[in-house]
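Novice: fold the following for me, if possible:
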Amino acid sequence: MIERFLKQTTFTSVEDYNKNLEFIIPDHFNFAYDVMDEWAKEAPEKLALLWTNDEGAEIRTTFAELKEQSDQAASYLQSLGIGKDDKVMLILKRRYEWWLCMLALCKLGAVVIPATHMLTKHDIVYRNTRASVKAIICVDDEYVTTQVKAAMPESPTVELLVAVNEASQGKSRPVPDGFHDWENEWKKTPAFQRPEHVNDNDDTMLMYFTSGTSGEPKMVAHDYLYAMGHLTTGVFWHNLKPHSLHLTVADTGWGKAVWGKFYGQWFAGACVFVFDHEKFNADTLLRQIEKYRVTSFCAPPTIYRFMIREDLSNYDLSSLEYCTTAGEALNPAVFDKFKEKTGIQMMEGFGQTETTMTLGTFPWMTPKPGSMGIPNAQYDIDLLRPDGTSCEDGEKGEIVVRVGNNKPVGLFKGYYLDEEKTHDAWHDGVYHTGDVAWRDEDGYYWFEGRIDDVIKSSGYRIGPFEVESALMTHPAVVECAITGVPDDIRGMVVKATVVLGKEWKDKVGDDLIKELQNHVKRETAPYKYPRIIEFVDELPKTISGKIRRVEIRKKDAEK
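Specialist: Sure, this is the predicted structure:
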């Protein structure tokens, strides 16, 4: 499959990859037709999707069956009036139907807007009005459908609501008033007729709402070549093969879902494994890996942090061949402990909602614990000083993508209907990520934090990640977040918000605070130690598992 889209399909070194990665870009590329339907012709009986949930339900789907079902879903949505360029919001958690809708809407040329099930009425109204959403397809969950219905009086562009119930789990019930019933309607439409003209390569295929440190979320618009950009994610970073059974821990409402549960995995011809669960539990997840013999696993460092606190000798993880991580920076202590317990080295990657993977640790490289790896050859990556000049090795700067006159495959089109914010981030031929890192002499990049997260204390610039990594090597610490607190003398001082292991919670007090402070002084430069330490039961996080330091700073400011 990948030989249709790459001039060279195997690489043996960094130099080989950097020199010879080149895409073959067809006219009117459409992932659903040009990849998935082609797999249905080439390997119709091969397992494409293995879905299960926390109640024991299971669905196994071949490439041929997935084509048939996505065609049927496309015909159904077409019968409801959905077509080219229509904006359709999906709020489907990890339900099986999300994969059908993603493919069906791609076949129709509609614009997909994945969204988290945690949205409130206000969030839904904002998205509906900003994006001119025409239809919402959501899980028949009481909270979700209540919020969607409450948003309708203030959402004049929305013409259509579809609810996906729990029939696959034996829990079918009437859908709420005003919603079409997916389960009882989608198979009753006639055979799908492919539209005459579905898309051009630069048409908008997918949009994500992404939150910044202030203001309402921005709409990240991706074209049809964004899907092709993830070929490198699945084939090279995840190192997937046709025999692979790949599990990425991700909710379908955020960008990591298409990084790890959709495009790149199916370019490789791998089987996507889905565990649909309502609440994360490390033991339950490990049992799924054990039961289904998962071979490839990707999750944010948060998930690994909880996994390594389990006794991994109680699980048969011998099927695991390859593990990757992204979503936030990986603490070296977590890397080391996971390798010690499993023998597997985690391969880190970095990217944003606006991009595919821009930095990564590839199979032909030796990982450095805590490093994001090297630039993905499809992007021209640099580190810039505030004055716009390039940083030397060892110098901290902003990660940027040099775009020039040719937009890289995988980079977003811009922030939809917001030229000002697009220009703020992307101007003079450079896309600014807003993330700070440094590069070592071997070309490996090391994450420091968001520009807004950097702490300036007594003239020093302190990146939160370096202090967090030091704290994470103490056995008491499960998770931590480093932020700055205003100080009359030093400008700012370092604060650590810490989640302790169960066996340490009865030791909270001045002695433990002093022990943690001294530990940081031993592990990194003494001026970085946290002068303030607060113990909490959990850290505020996004749905994607990223720590929301901005929320911690906001609460501190209100005290």
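Novice: what packs against the strand or helix carrying Thr129?
Specialist: Assigned by DSSP states H and E, Thr129 belongs to helix 121-131. Counting contacts by 3 or more CB pairs under 8 Å, 6 or more residues apart in numbering; DSSP states H and E, helix 121-131 is packed against strand 87-91, helix 142-151. In this view, the C-beta of every residue, glycine as well, is placed from N, C-alpha and C.
Novice: and the longest helix along the chain, how far out from the chain middle?
Specialist: Taking DSSP state H as the criterion, the chain has its longest helix at helix 63-79. Averaging C-alpha positions (CA atoms, centre = their mean, to the nearest Å) puts helix 63-79 26 Å from its chain's average.
Novice: pull the CA atoms of that helix into PDB?
Specialist: Coordinates of each C-alpha in helix 63-79 appear next as PDB, following Å, rounded to 0.1, in the frame of the first residue of the first chain:
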ATOM      1  CA  PHE A  63     -11.300  -4.600   5.600                       C
ATOM      2  CA  ALA A  64     -14.000  -5.800   3.300                       C
ATOM      3  CA  GLU A  65     -16.700  -5.500   6.000                       C
ATOM      4  CA  LEU A  66     -15.400  -2.100   6.900                       C
ATOM      5  CA  LYS A  67     -15.800  -0.900   3.300                       C
ATOM      6  CA  GLU A  68     -19.300  -2.400   3.200                       C
ATOM      7  CA  GLN A  69     -20.300  -0.800   6.500                       C
ATOM      8  CA  SER A  70     -18.800   2.600   5.700                       C
ATOM      9  CA  ASP A  71     -20.500   2.600   2.300                       C
ATOM     10  CA  GLN A  72     -23.800   1.900   4.100                       C
ATOM     11  CA  ALA A  73     -23.100   4.700   6.600                       C
ATOM     12  CA  ALA A  74     -22.300   7.100   3.800                       C
ATOM     13  CA  SER A  75     -25.600   6.200   2.100                       C
ATOM     14  CA  TYR A  76     -27.500   6.800   5.300                       C
ATOM     15  CA  LEU A  77     -25.900  10.200   6.000                       C
ATOM     16  CA  GLN A  78     -26.400  11.100   2.300                       C
ATOM     17  CA  SER A  79     -30.100  10.200   2.600                       C
END
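Novice: buried stuff in that helix?
Specialist: By 16 or more other CB atoms under 10 Å, the buried positions in helix 63-79 come out as 63-67, 69-78.
Novice: between those, which is nearest Glu441?
Specialist: Of all the buried residues of helix 63-79, Glu441 sits closest to Phe63, with 45.3 Å by CB to CB.
Novice: surely that closest one and Val35 touch.
Specialist: No - look at Phe63 against Val35 with CB atoms under 8 Å: they stay out of range, at 10.1 Å.
Novice: who touches both of these two?
Specialist: Residues touching both Phe63 and Val35 (CB atoms under 8 Å, 6 or more residues apart in numbering): there are none.
Novice: one step back: now do the longest helix of the chain, average pLDDT.
Specialist: For helix 63-79, the mean per-residue pLDDT is 97.
Novice: next one: stretch 180-197
Specialist: 90.
Novice: just the endpoints, please. Distance across it?
Specialist: Using CA to CA, to the nearest Å, one end of stretch 180-197 lies 27 Å from the other.
Novice: off-centre distance for it?
Specialist: 30 Å.
Novice: please pull out the lowest mean pLDDT helix or strand from the chain.
Specialist: Lowest by mean pLDDT, DSSP states H and E among the helices and strands of the chain is strand 460-462, with a mean of 72.
Novice: what pLDDT is listed against the nearest residue to Gly394 once chain neighbours are set aside?
Specialist: Closest residue to Gly394 apart from its sequence neighbours, by CB to CB, 6 or more residues apart in numbering: Trp438 at 6.0 Å. At Trp438, the predicted lDDT confidence score is 94.
Novice: equivalent analysis for Pro375, please.
Specialist: The model's pLDDT for Pro375 equals 96.
Novice: next: Thr213.
Specialist: Thr213 carries a pLDDT score of 45 in this model.
Novice: name the helix or strand for the residue of the chain positioned farthest from its centre, please.
Specialist: Relative to the centre of the chain, and counting by CA atoms, centre = their mean, the farthest-placed residue is Ile489 at 39.8 Å. Using DSSP H and E, Ile489 falls within no helix or strand.
Novice: equivalent analysis for Leu100, please.
Specialist: Using DSSP H and E, Leu100 falls in helix 97-108.
Novice: output the below-cut-off pLDDT ranges for the stretch 351-500 of the chain.
Specialist: Along the stretch 351-500 of the chain, the parts satisfying pLDDT under 70 run over 458-461.
Novice: and Asn376, what does it touch?
Specialist: Taking CB under 8 Å, 6+ apart, one finds Thr232, Trp237, Thr356, Met357, Thr358, Leu359, Gly360 in contact with Asn376.
Novice: related to what we said a few turns ago, the residue nearest to Gly394 - that's part of a strand, no?
Specialist: Yes - read with DSSP: H, G, I helix; E, B strand; the rest coil, Trp438 is one of the residues of a strand.
Novice: just list whatever residues bridge to it.
Specialist: Trp446 (DSSP bridges).
Novice: so how far is Glu328 from it?
Specialist: Distance of Trp438 to Glu328, computed by CB to CB, to the nearest Å: 17 Å.
Novice: repeat that for Gly397.
Specialist: 20 Å.
Novice: related to what we said a few turns ago, what's the longest helix of the chain packed up against?
Specialist: Short answer (3+ CB pairs under 8 Å, 6+ apart): helix 63-79 packs on helix 37-42, strand 47-53, helix 97-108.
Novice: looking at the ones you listed, which is buried most?
Specialist: With neighbours taken as mean count of other CB atoms under 10 Å, the helices and strands packed on helix 63-79 reach their highest mean count in helix 97-108, at a mean of 26.
Novice: that one: what's the following helix or strand?
Specialist: Sequence-wise, the next helix or strand downstream of helix 97-108 (DSSP H and E) is strand 111-114.
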